[in-house]
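>>> coords below, sequence missing:
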């Protein structure tokens with residue numbers, strides 16, 4: 001999927017994207033924390049499991065999402081200051 005330039009989007013579309021990315025990011029964070037806790041529990045109970053690497057591998061997505069949220073927030077603030 002080709003990403004559109006932020007300058008070509010309206011403020012409403014920017015806010016909609018920001019809300020969607022925030023929601024997805026926090027849901028992913030909760031899932032990663034719960035899965036890490038579950039995999040640690042399983043490792044303690046049954047011995048070391050390679051599943052514990054999954055939350056760490058997927059956590060690389062979070063900084064990218066926070067960067068996108070920051071870019072969207074900056075663009076929204078720039079547009080509000082121009083008005």
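On my side now, so go ahead. Given the structure is predicted, the values throughout are model-derived calculations rather than measurements. Numbers count the residues shown, from 1 in each chain.
>>> Do a quick rundown of the helices in this structure.
Listed from the start of the chain, the chain has helices (DSSP state H) covering 11-46, 53-58, 61-82.
>>> Grab the nearest non-local neighbour of the most centrally placed residue in the chain.
Here the mean C-alpha position of the chain is nearest to the C-alpha of residue 25 (CA atoms, centre = their mean), at a distance of 2.8 Å. Counting by CB to CB, 6 or more residues apart in numbering, the nearest residue to residue 25 once its immediate chain neighbours are dropped is residue 65, at 4.2 Å. For glycine as for every other residue, the C-beta is placed from the backbone atoms N, C-alpha and C.
>>> Please apply the same query to residue 56.
Setting aside the residues directly before and after it, residue 56 is nearest to residue 36 in space (CB to CB, 6+ apart), at 7.9 Å.
>>> residues in contact with the one you found?
Under the criterion of CB atoms under 8 Å, 6 or more residues apart in numbering, the neighbours of residue 36 are 52, 55, 56.
>>> Fine by me, we can end here.
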